[in-house]
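Visitor: okay, sequence plus prediction incoming.
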Amino acid sequence: MKLTTDSLEHRLIRMFAVVAMVVSIQACIQPAMAQEKPAAIQVDKEKKTVTVACKIAPRKLPNLAEVYPIEVIAAAPKGQKAHETVVTFEAKPSDIHKALESLGLKPGKPAKGEGAAAVGPEVKIFLDLPGAGGISKRLPIEKALVDRKTAKSMPPLKWIFTGSISKQLDPNKPELVYGADNTGTLIAIFPVTDETVFQTNLTMKDEPLIKLDTNAKALPEIGTDVLLVIQVP
């Protein structure tokens, strides 16, 4: 049976209508999906918080034979401390530094090595974890850490906005870079590096005594999207 001109036109009209509908649906869905993904850094001047989009980090990297104790809270996925961190993030540490300064906070000075102590204003650090009914659960960052031997949570620590040192990466070029952008370290527990934005009140004397791991009972699965919240007093 041959198609008439009218029936062919009707089929083409219906086909184009379906295509238009699909395109329209995709146009609606894509912005919604984009809205669901939080910005890398959010600043709330009213609440005096800086929030950083993160993911729960793997405890073992495929290129390493061991699972090392936790020494930092937040590191870049390919940063120098990616094998011993609680969460990973994609934002630039220097941008997070600037976000804290936009809330009126002034950095102090990071510590490194024996006998050194971090100096600077104190902040509080939390993780916002996904919860039932879409309501997030806020966890003090210390509760994300446990002692490897006792499985007890870390006691409250002082978290200090030290800012990072600047570093000359190429000895043949005078340019300095923000050191934490180079290492990818945002928050260090021990003064094993001064190329970080935050440190605690712990010193290198504490490092041999405190061997930490992530609190598997409190944290969601590896790769889960979470928010790191830095609260300015």
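Guide: In hand now; what should we look at? Residues are numbered from 1 along each chain as shown.

Visitor: so where is this structure shaky, pLDDT-wise?
Guide: Per-residue confidence of the chain (counting by pLDDT under 70) places the weak regions at 1-38.

Visitor: would you map out the domains in it?
Guide: As assigned by automatic domain parsing, the chain contains the domains 1-36, 41-231.

Visitor: winner for burial among these?
Guide: Mean neighbour count (mean count of other Cβ atoms under 10 Å) peaks for domain 41-231 among those, with a mean of 17. Every C-beta, even on glycine, is put in place using the N, C-alpha and C of the backbone.

Visitor: how distant is it from the center of its chain?
Guide: Here domain 41-231 shows a centroid-to-chain-centroid distance of 8 Å under the convention Cα atoms, centre = their mean, to the nearest Å.

Visitor: so who does the residue lying closest to residue 205 once chain neighbours are set aside touch?
Guide: With Cβ to Cβ, 6 or more residues apart in numbering as the criterion, residue 205 has its nearest non-adjacent residue at 7.6 Å, and that residue is residue 114. Applying Cβ atoms under 8 Å, 6 or more residues apart in numbering, one finds that residue 114 lies in contact with 203-205.

Visitor: again with residue 197
Guide: For residue 197, the set of contacting residues under the criterion of Cβ under 8 Å, 6+ apart consists of 93, 96-97, 100, 107, 161-164, 180, 185-187.

Visitor: how much space between it and residue 186?
Guide: When distance is defined by Cβ to Cβ, to the nearest Å, residue 197 is 5 Å away from residue 186.

Visitor: need the residues touching each of the two.
Guide: Shared contacts of residue 197 and residue 186, counting by Cβ under 8 Å, 6+ apart, come down to 93, 96, 180.

Visitor: show me where the protein has helices.
Guide: Chain-ordered helices for the chain, with DSSP state H as the definition, fall at 5-36, 93-101, 179-183.

Visitor: my guess is residue 45 meets residue 103, correct?
Guide: Yes - look at residue 45 against residue 103 with Cβ atoms under 8 Å: they come within range, at 6.5 Å.

Visitor: the nearest residue to residue 126 once chain neighbours are set aside bridge partners, please.
Guide: Leaving aside its chain neighbours, residue 126 sits nearest to residue 229 (4.4 Å; criterion: Cβ to Cβ, 6+ apart). Following DSSP bridges, residue 229 is listed with bridge partners residue 51, residue 126.

Visitor: my read: residue 229 touches residue 136, true?
Guide: No - applying Cβ under 8 Å, one finds residue 229 not in contact with residue 136, separated by 9.7 Å.

Visitor: give me the common contacts of the two.
Guide: With contacts taken as Cβ under 8 Å, 6+ apart, residue 229 and residue 136 have residue 128 as neighbours in common.

Visitor: the strands in the chain, which residues?
Guide: Under the criterion DSSP state E, the chain carries strands at the ranges 41-44, 49-56, 72-75, 85-89, 122-129, 137-140, 145-147, 159-161, 166-167, 177-178, 185-188, 198-200, 212-214, 225-231.
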